[in-house]
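J.: sequence plus predicted model, see below.
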Amino acid sequence: MNKKVLILSLCLPLMGLLSSCDDGRIYEEQVVIPQEGLSLKMTGSISNIGDWPSGYSLVVAGFNDESAYAVVSKIVPNPSTDGGEVTVEMSGITDEVTSLEFCITDRLRRRVHTFCKTDVSAAVDNVVTMDVGAQDVGMCGVVQDEVFTPSCAACHGASAGGAAAGLYLTEGLSYDALVNQPATCNPEMLRVSPGDAGSSFLYLVLSRDGDTGHPHTDILDAKRKTVLLNLIEDWIDNGAQP
Ligand code: HEC
């Protein structure tokens, strides 16, 4: 059917209902509904989503190699009980997207942490299936995995020489070593004062120079520094939940 005939055949039955039918463009838009791209179906059991303050979202998202921002994303609904099952479907995943991730993003849709990831090439009949299993998405675990383990533990407890400033930032030990503990370098301050990043030595050491004899402001990867500093600040301001 050519376009004119199509528009006419749509317009004619409507003539009686509408006072005028002079704008063919509207009908054209209604007829052409592009259903392009892949779909993603994600399932899993989610716990500790309640830790995250507003501005952060647990999503399934599509990223490409060039940008830290999600091209497309969809919020994962909260499970009805903590640890309960969820299912999300996202469609319209275009060619730009190279990887599909189950992750936390910030208010600018930048990745904060990826729990699970799959390649678009895993699609079968244009559908990518992703079962993430049981996932603890708690904020404290994300701080450990994104900051302490990769960037700090080497000097703070993971190697034979002990922990710099007596501060252990290794998995399992970091929480008790930080929260409500006085700083070695400045015993008047707490390393982490729940609810107040601005007076937490941990946050000050990472965000400005001069708090210890060992400069810490360049330790975090420059490309991700803002995201990771915000993460630590928000974790502390939100009560430094375990
Ligand atoms: C290359 C080694 C090294 C790395 C990596 C490192 N630190 Fe340190 N850190 C030190 C040293 C050394 C001190 C003690 C400085 C001093 O005595 O003045 C220290 C002190 C600290 C203190 C002060 C502790 C207190 O009680 O006074 C904090 C907080 C801290 N580091 C956090 C971190 C965090 C968070 C990271 C990762 C983002 C990190 N550090 C990575 C070597 C390191």
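T.: Happy to help now that I have it.

J.: and F148, how many neighbours?
T.: 25 (other Cβ atoms under 10 Å). In short, each C-beta sits where N, CA and C put it, glycine included.

J.: any idea how far it is from H156?
T.: 8 Å (Cβ to Cβ, to the nearest Å).

J.: what of S193?
T.: In terms of Cβ to Cβ, S193 sits 19 Å off from H156.

J.: quick one on the thing from earlier: shared neighbours of F148 and H156, anything?
T.: Listed as contacting both F148 and H156 by Cβ atoms under 8 Å, 6 or more residues apart in numbering are 169-170.

J.: so where is the protein shaky, pLDDT-wise?
T.: Confidence mapping of the chain against pLDDT under 70 gives the ranges 1-35.

J.: can you pull out the helices in it?
T.: 3-15, 24-31, 139-143, 174-178, 201-207, 225-237 (DSSP state H).

J.: just the CA trace of the last one, in PDB.
T.: To tie it back to what came earlier, the one meant is helix 225-237. Provided in PDB are the C-alpha atoms of helix 225-237 (Å, rounded to 0.1, in the frame of the first residue of the first chain):
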ATOM      1  CA  LYS A 225      37.300  10.000  41.100                       C
ATOM      2  CA  THR A 226      34.100  12.100  41.200                       C
ATOM      3  CA  VAL A 227      31.900   9.100  41.100                       C
ATOM      4  CA  LEU A 228      33.800   7.300  43.800                       C
ATOM      5  CA  LEU A 229      34.300  10.300  46.100                       C
ATOM      6  CA  ASN A 230      30.500  10.900  45.900                       C
ATOM      7  CA  LEU A 231      29.900   7.300  46.700                       C
ATOM      8  CA  ILE A 232      32.000   7.500  49.900                       C
ATOM      9  CA  GLU A 233      30.500  10.800  50.800                       C
ATOM     10  CA  ASP A 234      26.900   9.500  50.300                       C
ATOM     11  CA  TRP A 235      27.600   6.300  52.100                       C
ATOM     12  CA  ILE A 236      28.800   8.200  55.200                       C
ATOM     13  CA  ASP A 237      26.100  10.900  55.000                       C
END
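
J.: all numbers from here: first residue = 21
T.: Got it, first residue is 21 now, which makes that one helix 245-257.

J.: so which elements touch it?
T.: strand 131-139, helix 159-163, helix 221-227 (3 or more Cβ pairs under 8 Å, 6 or more residues apart in numbering; DSSP states H and E).

J.: now that helix: buried residues?
T.: 247-257 (16 or more other Cβ atoms under 10 Å).

J.: close to the ligand, is it?
T.: No - Helix 245-257 lies apart from the ligand when judged by Cβ under 6 Å from any ligand atom; the minimum separation is 7.8 Å.

J.: related to what we said a few turns ago, out of the helices and strands packed on helix 245-257, which gets nearest to the ligand?
T.: Of all the helices and strands packed on helix 245-257, helix 221-227 sits nearest to the ligand, with 4.4 Å by Cβ to the nearest ligand atom.

J.: who are the packing partners of the closest one?
T.: Partner elements for helix 221-227 (3+ Cβ pairs under 8 Å, 6+ apart): helix 245-257.

J.: adding mean neighbour count and distance to K61, write the helices and strands packed on helix 245-257 out as CSV.
T.: Listed next are the helices and strands packed on helix 245-257 as CSV, based on neighbours: other Cβ atoms under 10 Å; distance: least, Cβ to Cβ, whole Å:
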stretch, mean neighbour count, distance to K61
strand 131-139, 17, 11
helix 159-163, 22, 24
helix 221-227, 23, 39
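
J.: with distance to the ligand added, can I get these in a markdown table?
T.: Formatted as a markdown table, the helices and strands packed on helix 245-257 follow (distance: least, Cβ to the nearest ligand atom, whole Å):
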| stretch | distance to the ligand |
| --- | --- |
| strand 131-139 | 15 |
| helix 159-163 | 9 |
| helix 221-227 | 4 |
